[in-house]
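Q: test case, fold it:
(4 chains)
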2 protein chains.
Amino acid sequence: MPQEKINKTEKYNKAISPAVVNRLPRYYRYLSELLRNETFKISSKELSELMNVTASQIRQDLNCFGGFGQQGYGYNIQQLHGEIGRILGVERGFSAVVVGAGNLGRTLSKSGLFIKRGVILKALFDVSPDIIGTEIAGFVVKNIKDAACYCRENKVDIAVLTLPKDETESVANMLSSSGGVKGFWNFSNMELKLGTPDMSDESDISDIFVENMHMGDSLMTLCYNLNLKK
Amino acid sequence: MPQEKINKTEKYNKAISPAVVNRLPRYYRYLSELLRNETFKISSKELSELMNVTASQIRQDLNCFGGFGQQGYGYNIQQLHGEIGRILGVERGFSAVVVGAGNLGRTLSKSGLFIKRGVILKALFDVSPDIIGTEIAGFVVKNIKDAACYCRENKVDIAVLTLPKDETESVANMLSSSGGVKGFWNFSNMELKLGTPDMSDESDISDIFVENMHMGDSLMTLCYNLNLKK
DNA sequence: TAGATTGTTAATCGATTAACAATC
DNA sequence: TAGATTGTTAATCGATTAACAATC
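A: Purely as a prediction, here's the structure:
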């Protein structure tokens, strides 16, 4: 095997910094938009002006994953869009369940959010007997007690946690240990601490990911900035 | 005025890096929790273990704003909580309106989210004649056409944008230029570009803040991480 | 006073930007 | 070929961590 090839493989296997990862969905959005407008070619310079970042950053970011461009030409948008989509797993069709069918859980379930990102919503769960059995977004809400079992049997990838604060942690622990769920989209305004000692026998916690949507924190950040003036 | 005092004033007037600002709500949350548990004293070391950050970072962050601790003792939680609250403007009582009374707008309005952060919800607006006039969370939904006028007259600080993508930008421009709104909490999965040329006569755009809640991007970041494994 | 822990400076680390040779 | 633009290395900038003197 030629030296060059080994280097390339090594290069593209390096861990990507979170800063870069967090920018990927934004690139994906802009590229989608460009495709919608039937633009097929773009240079890092042009894209940088559109997105308000430096061309250098775009080239650096993309080169973490591969040389998707062509010198003297730029990037083929269709191709680049596809590559980033693959990197983000859009075509993997990850499956998700919503746990907590209150207002927020219902709103998310009814929105096109999941399907637009290639995520397939499979079921909704709740604790309340008033809600269990009712239909939301075409799903009959199931009992939260059956969530772990359901997730394991149906190989659910993502649990969307739209629960009150005090229930979130125990439910997440249950789903990650006995449900096999590998990703949590956490809407409760607290940090999830997974892998409490009493379930240390269970599978490796290290490959479980938590993505937080801390709305409260976001609102307060806005307030901080408003508070600066006057 | 003694030299020392000048230095202190200068020091605490320096712009705070976004990295620090984004951590403030999290500090505030943990301090609130500690107070609830009737803990009144904490060292940067103890807090760092609780929050999973370095003690050094905590001390650096806090010292952007003032010397809130006491050598040999640590931090008085009640005092520190108060200081951060002031920095975040919790007691300022910022006012907000929700623009877009669809599922998400309704969910946010009904949640305790605003009041818990000291933000006072004042009104809801929508375009749809079916929704205008209905009652949500104790508010009669108003016509979006009256939003700018209402915000100006009632000195509304924040507009929560829970609108479809294609309406968000024009509404935000209207509210910032003729409504006097100074902060946008943007739930549409796109970047707001404020201050389009045709309204360049209007007030300074530089003191308008946008805080994005890009749920779609967040979900895709989670997918990226899941996609790494297997 | 002695011990503890801050506030702060200096060192390290990582991320962004600039520059340019490679190359289409 | 000449011009354009990438991929990539080097320089800069900013953020985090470590260390320690100040001090309660």
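Q: not counting sequence-adjacent ones, nearest residue to A:Leu175?
A: Excluding the flanking residues, the one nearest A:Leu175 by Cβ to Cβ, 6 or more residues apart in numbering or on different chains is A:Val181, at 4.3 Å. Backbone N, C-alpha and C define where each C-beta goes, glycine included.
Q: would that neighbour count as being in a helix?
A: No. Secondary structure of A:Val181 (DSSP: H, G, I helix; E, B strand; the rest coil): coil, not part of a helix.
Q: wouldn't it be in contact with A:Asp157 here?
A: Yes. Between A:Val181 and A:Asp157 there is a contact at 7.1 Å, judged by Cβ atoms under 8 Å.
Q: let me see the contact set for A:Met213.
A: Going by Cβ atoms under 8 Å, 6 or more residues apart in numbering or on different chains, A:Met213 touches A:185-187, B:213, B:215, B:218.
Q: what do you get for A:Met190?
A: A:165, A:168-169, B:29.
Q: can I have the buried ones of those residues as a PyMOL selection?
A: Selection of buried members from the contacts of A:Met190 for PyMOL, criterion 16 or more other Cβ atoms under 10 Å in any protein chain shown:
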select buried, (chain A and resi 168+169) or (chain B and resi 29)
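Q: and the contacts of A:Met190, which of them are in strands?
A: Among those, the subset assigned to strands under DSSP state E is empty.
Q: ok, back up a step: mind checking which of the contacts of A:Met213 are in helices?
A: B:215, B:218 (DSSP state H).
Q: would you tell me which one of the contacts of A:Met213 comes nearest to DNA strand D?
A: Comparing the contacts of A:Met213 against DNA strand D with Cβ to the nearest atom of the strand places B:Ser218 closest, at 19.1 Å.
Q: number of nearby residues for the closest one?
A: Using other Cβ atoms under 10 Å in any protein chain shown, B:Ser218 has 20 neighbouring residues.
Q: and the longest strand for chain A?
A: Secondary structure of chain A per DSSP E: the longest strand is strand A:120-126.
Q: show me the contact partners of that one.
A: A:93-102, A:105, A:109, A:114-115, A:132, A:136-137, A:139, A:141-144, A:146-147, A:150, A:154, A:156.
Q: mind giving me the PyMOL command for buried ones among these?
A: Buried members of the contacts of strand A:120-126 can be picked out in PyMOL with the line below, counting by 16+ other Cβ under 10 Å:
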select buried, chain A and resi 94+95+96+97+98+99+100+101+102+105+109+114+132+136+137+139+141+142+144+147+150+156
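Q: quick one: which of the contacts of strand A:120-126 sit in helices?
A: Checking the contacts of strand A:120-126 against DSSP H, those in helices are A:105, A:109, A:114-115, A:147, A:150.
Q: in those, find the pair that's most separated.
A: Farthest-apart pair in those is A:Ile115 and A:Ala147; separation 21.3 Å (Cβ to Cβ).
Q: show me what contacts A:Gly183?
A: A:94, A:157-159, A:208-211, B:222-223, B:225-226.
Q: same for DNA strand D: which of the residues you listed are within range?
A: With the criterion set as Cβ under 7 Å from any atom of the strand, no member of the contacts of A:Gly183 is near DNA strand D.
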